[in-house]
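1. predicted coordinates and the sequence they were generated for:
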Amino acid sequence: MIKTWILVANASSASLYMNDGPKQGLKKIRTFEHSASREKASDLVSDRPGHNRSAGNGRGSYIPQSDPKQNEAQNFAMKLARELEHGRTTNEFQRLILVAPPQFMGLIKNSTGPALLNLVSDHFEKDYTKIDEKTLTGHLEGCIFL
């Protein structure tokens, strides 16, 4: 029997579900929280940007190379990818369905290797993290027999 994992995620929270086969429904196996992604960008950096002198009497400030919120989302995507990779290497599932908003979906896919991406049978670029299991089941019944 093919075991399917379903990852429903956004930049600050995720739930991992499992389906054991037809007529088995969804079973939540793990929940992840990443509260840093909910913080304001100014709260994620330790201090104000530095200043530099420019020609003449002007001054300017350095612009950070990357957005702190984007960095936190990337860290969370990498954590989720490690969890999925661990499940793959321990043969806990044979099929994977990803559900995440478009930008976070890209971060997850960029954080995973080709062996894990080969197990992705379907993906939905939606944020379903705040819906109940019954509604989620309705959205997924087109790709999995629940």
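-> In hand now; what should we look at?
2. give me the distance from stretch 114-122 to the chain's centre.
-> Taking the mean of its C-alpha atoms, stretch 114-122 sits 15 Å from the chain's own mean (CA atoms, centre = their mean, to the nearest Å).
3. ignore what I typed, I meant stretch 139-146.
-> 21 Å.
4. please apply the same query to stretch 96-111.
-> With CA atoms, centre = their mean, you get 6 Å for stretch 96-111.
5. list the contacts of it.
-> By CB atoms under 8 Å, 6 or more residues apart in numbering, the residues outside stretch 96-111 that reach it are 4-11, 73-74, 77-78, 80-81, 84, 116-117, 119-128, 140, 143-144. C-beta here means a position set from N, CA and C on the backbone, and glycine is covered the same way.
6. stretch 132-146 now?
-> Applying CB under 8 Å, 6+ apart, the set of residues contacting stretch 132-146 from outside is 4, 6, 8, 17, 19, 21-26, 28, 97, 99, 121-122, 124, 126, 128, 131.
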